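**Student:** pasting a predicted model and its sequence here:
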Amino acid sequence: MPAPALRLAITGGIGSGKSTVARLFVNLGAILVDADALSHELTAPGGAAIAPIIEQFGASVLTQDGALDRSAMRTRVFADPQARRTLEHIMHPLVGQLASERGRDAERAGFGCVLYDIPLLAESSGWRRRVDRVLVVDCDPDTQIERVMNRSQLSRTAVEAIIAAQATRERRLHCADCVIDNTHVSLETLAFEVKHLASCFGL
Ligand code: ADP
């Protein structure tokens, strides 16, 4: 009987290096369950979220091919907090359910580590209970801002606004079982640290 899979949640603010660390884990044999990707899948044409979205918002929030028009929806929820809550009520349970299904499938397929990338993990006690460990990729805000500005067209003010809307660094660290410090660290050192941590997890 193989050892049960380790359920590891990964979290970190924008630009912290969370995706980079997740990729390194996948290279070492983990499987990634990515809530953002699942949310795209659920809002693609024929996805399970499309019918309840039409029911609440009407068909005007869809593109011609029947997917969620993400940019139209972003504008709508930005201007209307109630619309945001309605959308979250639709999406969160569906994403949670699909993430659990995918995790179970991966365990059945024999993966030793399932890595859950769930953006709202720090805000969700339900998710905290469903994983064995929470890994936080930590980074100081100046480095986050610099990295995001380097990889996108966003202004400093725009990045600062995104960071301000996310869980605080303290809150995230508070729910961590293990932390990877990615502030003054080269990509090579980061890869080394991930390898070390993964080996502690049996990968
Ligand atoms: P997140 O998923 O947390 O938003 P990413 O993993 O996409 O962040 O990293 C943001 C950017 O910073 C990417 O371009 C990535 O290659 C780069 N990056 C991440 N960690 C480091 C590091 N230690 N040194 C240099 N660049 C890094």
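**Tutor:** It's in. This structure is a prediction, so every number in the text was calculated from the model and none was measured. Numbers count the residues shown, from 1 in each chain.

**Student:** packing partners for the lowest-mean-pLDDT helix or strand in the chain?
**Tutor:** Lowest on mean pLDDT, DSSP states H and E among the helices and strands of the chain sits helix 125-130, with a mean of 82. Counting by 3 or more C-beta pairs under 8 Å, 6 or more residues apart in numbering; DSSP states H and E, the packing neighbours recorded for helix 125-130 are strand 6-11, helix 81-108. (Glycine included, C-beta is placed from N, CA and C.)

**Student:** out of the ones you listed, which comes closest to the ligand?
**Tutor:** Taking C-beta to the nearest ligand atom, strand 6-11 is the member of the helices and strands packed on helix 125-130 nearest to the ligand, at 9.3 Å.

**Student:** so which of the helices and strands packed on helix 125-130 comes closest to Ile118?
**Tutor:** With C-beta to C-beta, the closest approach to Ile118 among those belongs to strand 6-11: 6.0 Å.

**Student:** does the ligand sit close to the closest one?
**Tutor:** No. For a cut-off given as C-beta under 6 Å from any ligand atom, strand 6-11 has no contacts with the ligand; the smallest distance is 9.3 Å.

**Student:** got the buried residues for that strand?
**Tutor:** Applying a neighbour-count criterion of 16 or more other C-beta atoms under 10 Å, one finds 6-11 buried in strand 6-11.

**Student:** now render the residues you listed as TSV, adding pLDDT.
**Tutor:** Output for those, formatted as TSV (pLDDT from 0 to 100):
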residue	pLDDT
Leu6	96
Arg7	96
Leu8	96
Ala9	95
Ile10	96
Thr11	93
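
**Student:** quick check, nearest of these to Ala37?
**Tutor:** Checking the buried residues of strand 6-11 one by one against Ala37 (C-beta to C-beta), the nearest turns out to be Ile10, at 13.7 Å.

**Student:** list the contacts of that closest one.
**Tutor:** Contact analysis of Ile10 by C-beta atoms under 8 Å, 6 or more residues apart in numbering lists 18, 21-22, 25, 115-117, 135-137.

**Student:** try Ala3
**Tutor:** By C-beta under 8 Å, 6+ apart, Ala3 lies in contact with 112, 202.

**Student:** burial measure for Met149, as a count.
**Tutor:** Using other C-beta atoms under 10 Å, Met149 has 15 neighbouring residues.

**Student:** report pLDDT for it.
**Tutor:** On the pLDDT scale, Met149 is placed at 96.

**Student:** touching whichever helix or strand it is part of from outside, list them.
**Tutor:** Element membership for Met149, per DSSP states H and E: helix 141-151. Contacts to helix 141-151, defined as C-beta under 8 Å, 6+ apart, come from residues 13-17, 139, 154-156, 159-160, 162-163, 169, 182-184.

**Student:** lovely, talk soon.
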